[in-house]
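what follows is a predicted structure for the sequence shown.
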Amino acid sequence: MSSIQQDWPEPIVRVQSLSDSGLGVIPERYVKPLGDRPSMVSSAADVDIPIINLGELYSDDDRVRANTISQINHACRDWGFFQVVNHGVSPELMDRAREAWREFFHSPMDVKQKHANLPTTYEGYGSRLGVKKGAILDWSDYYFLHYLPCSLKDYNKWPLLPSDCREVIDEYGKQLVILAKKLMKVLSVNLGLSEEYLQNAFGGENIGACLRVNFYPKCPQPDLTLGLSSHSDPGGMTLLLPDNHVPGLQVRKDGNWITVKPARHAFIVNIGDQIQVLSNAIYKSVEHRVIVNPSEERVSLAFFYNPKSDIPIKPAEDLVTREGASLYQPMTFDEYRLFIRLRGPCGKSQVESLKSPR
Ligand SMILES: O=C(O)CCC(=O)C(=O)O
């Protein structure tokens, strides 16, 4: 696969500037093909992803604990997506983190432009994923940064404004890593593996973690475009802090798109491609996308908990023995994420392409 190019193939246009200009018709390069538009698919209104009270993992009652572990297992098997409440992350910190980023996106353009990103690492303020010339773009801007490993964490690449932003991101990352580790243990046990299996397979203490903050400006023609195209997450597990007022995330379930209704101070957890591979597809990453709307902007914080980037990720031996076949060839996360960095979000095409030849 070719390596990442030095610059974007076309001049970058900030979606927020387009939106602020008050245009009534969106530029052609944001208009999705008919079959990808949000209005073209049905959505089951009364269905939602499971909500799990994580506090019950620490109940004195064995049955309550077992029931919570089992709920997580079902959510991973049936949905690949669930919400967690009572997860141990401070609600005040969650609110502050979201608002700090909202302030960042509302700071003057010259402040934001100082952080403009390149496709070499994607770190900083961006407005497109993928470098395919002439690609149809998504209706969003974002900020991407590395939290772990420490060797990639560079405060100079984090926003300077608002003034507490770096401190807030640091604390937020710390609390989310604790939550992710907790969930990794439950997932390991539910797969019939030792409690530390997934964490160790990810590289133990040397895991990677990064944050993408998505900003979806108001859109005058939301039926024609998407805030984020359908994709599965390439990494291990994602902890998403959605907007507290505006829904937008849709999850694909049995051919329908389900619009998630975020619970107050919940995180939305989803399985990424690397856990699909490690679990030999017992758990599957699930396609999701984001719709936009004409009257409200939306902010979300996606925290990606990933394997160390240079170790081969392959199905757990115990699961291969149990299932009789390994479904995937080993690949490092560095090799794997190059694909999405070049092509941008494209459904589940990458993890499908990793399948072992039969
Ligand atoms: O904004 C959202 O709700 C989802 C974001 C997402 O899927 C992502 O950043 O990968």
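Arrived safely, thanks for sending. Treat the numbers as computed from the prediction; the structure is a model and nothing was measured.

what average pLDDT does the longest helix along the chain get?
Looking only at the chain and at elements set by DSSP state H, the helix with the highest residue count is helix 165-190. Here helix 165-190 scores 98 as its mean pLDDT.

pretty sure Leu145 is in a strand, no?
Yes - the assignment for Leu145, made by DSSP: H, G, I helix; E, B strand; the rest coil, places it in a strand.

doesn't Val351 lie inside a helix?
Yes - the secondary structure assignment for Val351 places it in a helix, going by three-state DSSP.

circling back: figure out how far whichever helix or strand comes after the longest helix of the chain is from the centre of its chain.
Per DSSP states H and E, helix 165-190 leads on to helix 197-201 as the next helix or strand towards the C-terminus. Distance of helix 197-201 from the chain centroid (C-alpha atoms, centre = their mean, to the nearest Å) equals 20 Å.

packing partners of the longest helix of the chain?
When contacts are defined as 3 or more C-beta pairs under 8 Å, 6 or more residues apart in numbering; DSSP states H and E, helix 165-190 sits against helix 62-78, helix 91-105, strand 141-148, helix 197-201, strand 208-216, strand 237-241, strand 298-306. To be clear about C-beta, it is placed using only N, CA and C from the backbone, and glycine gets the same treatment.

pull the distance from the following helix or strand past the longest one to the chain's centre.
When you say that, I think you mean helix 62-78. The helix or strand immediately downstream of helix 62-78 is strand 81-85, counting by DSSP H and E. Taking C-alpha atoms, centre = their mean, the mean C-alpha location of strand 81-85 is offset from the chain mean by 14 Å.

hang on, isn't Val260 packed against Arg252?
No - under the criterion of C-beta atoms under 8 Å, Val260 is not in contact with Arg252, lying 11.6 Å apart.

closest one to Pro312 among the helices and strands packed on helix 165-190?
The closest approach between Pro312 and any of the helices and strands packed on helix 165-190, judged by C-beta to C-beta, belongs to helix 197-201 at 10.0 Å.

got the buried residues for the closest one?
For helix 197-201, the buried set under the neighbour-count rule, 16 or more other C-beta atoms under 10 Å, comprises Tyr197, Leu198, Gln199, Ala201.

again, but for stretch 114-133
Using 16+ other C-beta under 10 Å as the test for burial, stretch 114-133 gives 115, 117-119, 122-131.

these two touch, right, Leu240 and Val260?
No - at 9.1 Å, Leu240 does not count as touching Val260 under the criterion of C-beta under 8 Å.

so what sits against both of those two?
Listed contacts common to Leu240 and Val260 are Leu249, Ile268; contacts here mean C-beta atoms under 8 Å, 6 or more residues apart in numbering.

thinking again about what came up before, mind listing which of the buried residues of stretch 114-133 are in strands?
Judged by DSSP state E, strands contain the following of these: Gly124, Tyr125, Gly126.

report pLDDT for the spatially closest residue to the first one that is not a sequence neighbour.
It stands for Gly124. Distance criterion C-beta to C-beta, 6 or more residues apart in numbering; nearest residue to Gly124, sequence neighbours excluded, is Asn117 at 3.5 Å. The predicted local confidence for Asn117 comes out at a pLDDT of 97.

distance of Asn117 from the ligand?
Relative to the ligand, Asn117 is positioned 15 Å away (criterion: C-beta to the nearest ligand atom, to the nearest Å).

surely that residue meets Arg128?
No - counting by C-beta under 8 Å, Asn117 sits too far from Arg128 to count as a contact (9.7 Å).

looking at the stretch 51-200 of the chain, which residue is nearest the ligand?
With C-beta to the nearest ligand atom as the measure, the residue in the stretch 51-200 of the chain that lies nearest the ligand is Tyr142; the distance is 7.5 Å.

look at that residue and report its pLDDT.
Taken from the predicted model, the pLDDT recorded for Tyr142 is 98.

run through the bridge partners of it.
Counting by DSSP bridges, Tyr142 forms beta bridges with Gly126, Asn214.

so who does it touch?
The neighbours of Tyr142, taking C-beta under 8 Å, 6+ apart as the test, are Tyr125, Gly126, Ser127, Leu129, Arg212, Val213, Asn214, Phe215.
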